[in-house]
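Student: What follows is a predicted protein model with its sequence.
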Amino acid sequence: MADRPLSILEVGSLPDMDREVAAGVLLHIRSQVPEETKEAWDGVVIDRLLSREEIAILTQTALPHRVFFKDPALPADPVMGPFLACKLAAYLPQEAYDAFLQHFAVRYFRGQYGERRALGDFRPNPAFVDHIQYRGHNRMVLSQRFGDGKTAVPVLTVRSSILIWEEQPLDFWWEILAGEGVSFSIRVRQIGEGSLDTVAKTWDLSEEDLSQPICLCSKGRGTLSVTLLARGEGELLVGPLHTRYARQGAGVFFPGGQRLAGQDGREAAVYFEPGDLRPPLCVYFSGYRTAEGFEGLHMMQGLGTPFLLVTDMALEGGAFYLGDPDFEERIRSVIRQTLERLHFTEDQLILSGISMGSFGAVYYGAKFHPHALIVGKPLLNLGSIAVNERLLRPGGFPTSLDILQRFAGSDGVEELNRRVFARVDAADWEGTEAAVSYMAQDDYDPTAYQDLLAHLRGKHATIYGKRITGRHNDNTGAVVEWFVSQYRRILREDFGR
């Protein structure tokens, strides 16, 4: 990762423009707002009351979660207040300004990055190889005695090195559950750049340290060598290892992003932008993503409405937003709290998603009474999708087998299929619109659209269907085009936008 020097453009205080801290451009407004700006600022600090013309400029170039004001009276201004609310601006006291500049680089960089290392990336200690049981790609289970009960012993190491830079700290999170009688720790060593064995820094992380993601700040550049250690006797469950570019408290993936985790460490993340604060609230569930992070940001920003992005970080690219009751309630609670925050009602809610995201939209939509569902390439019969891996789609989506194993077991095909439709049957859909584009030769879930029609029959919902020729992953462009067109149609016809 290359250095990305940041110019602090202090309008009205040009002598300070050569001060560098990190990536991008921070606009500090003391006098006139620059009019000729094509790209959005990485951050905006406001010292004074702005005119309507200046607010109009910043409305286009200032990003939510990246606007800061120094005067605590500004939010009370009738013109300035709504602008600050739309940008979710934060108060920045003068005494905190220097510390803010010092950390701006690693908190407000552009983009997002996260990756996971699956079970195949782990090299077990040869002494434990005969005691390992694999639960698909969900968990590696080690059940035995680790050492003499007093001293922790190495259990496994991560095969591939993890790159780290001084300019970019990493959030480190490993899905590990220890049974009664077993404790674990993780040793992370940074090997200096250009070296094979020179240890520049070591982190010894306890089980308590790893109750949530921990930020690793490096010393120079190099690679991380990771070893899992355990002691005691019992069961140790090991899942994927996650590393993400850290924002050190400013958010997950994006500034303002929020991590949700169940009691078993199952993760999702949400990101909110208030748009113009006018109805409806649009919720978009990301599709299957092997790179961790949010999907659909620019698409949803283009609609101008308040929106929530939801993403799933389980398995290779997501686990269809399923989890234990605690995990699923966290997602429902965020949607519910966001509606309350905006003073919207449930009939001012639209839930949407494509492919894996379609399941999230329908599954969680059934717990509300939404104005609309907008889904593309629906995947609803998760048990059948796993069965189709054998003959209809050999090798096409092996993660479907992990989902079956994790949430229902190999004999639970019909149980997993019923998981979403039991909710659909119990929900109130009167007045809800459902706009669905589906693939005519879908090789993942060929009957999803027809099954949804059947379960919505008699529910007084309005359904629009669009049939597109091809298999599940053919002609995604047409699916997205129709998906966006339905969003725009509903916003125009039902909300006067």
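Tutor: All right, it came through fine.

Student: other SSEs contacting whichever helix in the chain runs longest?
Tutor: When the chain is parsed with DSSP state H, its longest helix is helix 476-495. Helices and strands touching helix 476-495, by 3 or more CB pairs under 8 Å, 6 or more residues apart in numbering; DSSP states H and E, are strand 349-354, strand 372-376, strand 433-439, strand 462-468. Backbone N, C-alpha and C define where each C-beta goes, glycine included.

Student: What are the buried residues along stretch 248-255?
Tutor: Across stretch 248-255, burial judged by 16 or more other CB atoms under 10 Å covers 250-255.

Student: domain ranges for this protein?
Tutor: 7-107, 114-244, 250-495 (automatic domain parsing).

Student: Kindly list the longest strand within this structure.
Tutor: strand 222-245 (DSSP state E).

Student: Which neighbouring elements make contact with it?
Tutor: strand 114-117, strand 122-124, strand 139-146, strand 153-158, strand 162-164, strand 170-178, strand 182-192.

Student: can I get those strands in JSON lines with mean neighbour count and distance to residue 259?
Tutor: Below are these laid out as JSON lines (neighbours: other CB atoms under 10 Å; distance: least, CB to CB, whole Å):
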{"stretch": "strand 114-117", "mean neighbour count": "18", "distance to residue 259": "11"}
{"stretch": "strand 122-124", "mean neighbour count": "17", "distance to residue 259": "23"}
{"stretch": "strand 139-146", "mean neighbour count": "19", "distance to residue 259": "21"}
{"stretch": "strand 153-158", "mean neighbour count": "19", "distance to residue 259": "22"}
{"stretch": "strand 162-164", "mean neighbour count": "20", "distance to residue 259": "20"}
{"stretch": "strand 170-178", "mean neighbour count": "20", "distance to residue 259": "9"}
{"stretch": "strand 182-192", "mean neighbour count": "19", "distance to residue 259": "19"}
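
Student: Just send those strands back as a markdown table, with mean pLDDT too.
Tutor: Shown next, in a markdown table, are the helices and strands packed on strand 222-245 (pLDDT from 0 to 100):
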| stretch | mean pLDDT |
| --- | --- |
| strand 114-117 | 92 |
| strand 122-124 | 94 |
| strand 139-146 | 90 |
| strand 153-158 | 94 |
| strand 162-164 | 90 |
| strand 170-178 | 93 |
| strand 182-192 | 92 |
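
Student: residue ranges with poor pLDDT in the stretch 1-150 of the chain?
Tutor: 1-25, 30-39 (pLDDT under 70).

Student: quick one: the helices in it?
Tutor: 52-61, 80-86, 97-107 (DSSP state H, counting those that start in this stretch).

Student: winner for burial among the ones you listed?
Tutor: helix 80-86 (a mean of 18; mean count of other CB atoms under 10 Å).

Student: Residue 359: what secondary structure?
Tutor: helix (DSSP: H, G, I helix; E, B strand; the rest coil).

Student: so how many other residues sit close to the residue nearest to it when sequence neighbours are not counted?
Tutor: Distances taken as CB to CB, 6 or more residues apart in numbering place residue 320 nearest to residue 359, at 4.7 Å, with adjacent residues excluded. Here the number of neighbours of residue 320 (other CB atoms under 10 Å) works out to 28.

Student: So residue 320 versus residue 156, what's the distance?
Tutor: 28 Å (CB to CB, to the nearest Å).

Student: try residue 87
Tutor: 46 Å.

Student: Quick one: low-confidence residue ranges for the stretch 201-350 of the chain.
Tutor: Within the stretch 201-350 of the chain, no range satisfies pLDDT under 70.

Student: quick one, strands of it?
Tutor: 214-216, 222-245, 258-261, 267-273, 281-285, 307-312, 349-354 (DSSP state E, counting those that start in this stretch).

Student: Neighbouring strands - and their directions - for the fifth one?
Tutor: Taking DSSP bridges as the criterion, strand 281-285 forms sheet pairs with strand 307-312 (parallel), strand 349-354 (parallel).

Student: Kindly report the same for the first one.
Tutor: The pairing partners recorded for strand 214-216 under DSSP bridges are strand 170-178 (antiparallel).

Student: what does the third one give?
Tutor: If you go by DSSP bridges, strand 258-261 pairs up with strand 267-273 (antiparallel).

Student: chain center to the strand it pairs with: distance?
Tutor: 5 Å (CA atoms, centre = their mean, to the nearest Å).

Student: how about the CA coordinates for that strand, as PDB?
Tutor: What follows is strand 267-273 as a C-alpha-only set of coordinates in PDB (Å, rounded to 0.1, in the frame of the first residue of the first chain):
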ATOM      1  CA  GLU A 267     -21.000 -11.400  12.200                       C
ATOM      2  CA  ALA A 268     -22.800  -8.900  10.000                       C
ATOM      3  CA  ALA A 269     -22.400  -5.200   9.400                       C
ATOM      4  CA  VAL A 270     -24.700  -2.300   8.700                       C
ATOM      5  CA  TYR A 271     -24.100   1.200   7.300                       C
ATOM      6  CA  PHE A 272     -26.600   4.100   7.400                       C
ATOM      7  CA  GLU A 273     -26.900   7.300   5.300                       C
END
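
Student: now the angle from it to strand 222-245?
Tutor: 60 degrees (axes from the mean of the first three to the mean of the last three CA atoms, to 10 degrees).

Student: Now do the helices in the stretch 301-450 of the chain.
Tutor: Using DSSP H, counting those that start in this stretch, helices in the stretch 301-450 of the chain cover 325-342, 356-365, 382-387, 399-407, 413-426, 448-456.

Student: Residue 200 is nearest to which of these?
Tutor: When the helices of the stretch 301-450 of the chain are compared by CB to CB, helix 399-407 sits nearest residue 200, at 36.5 Å.
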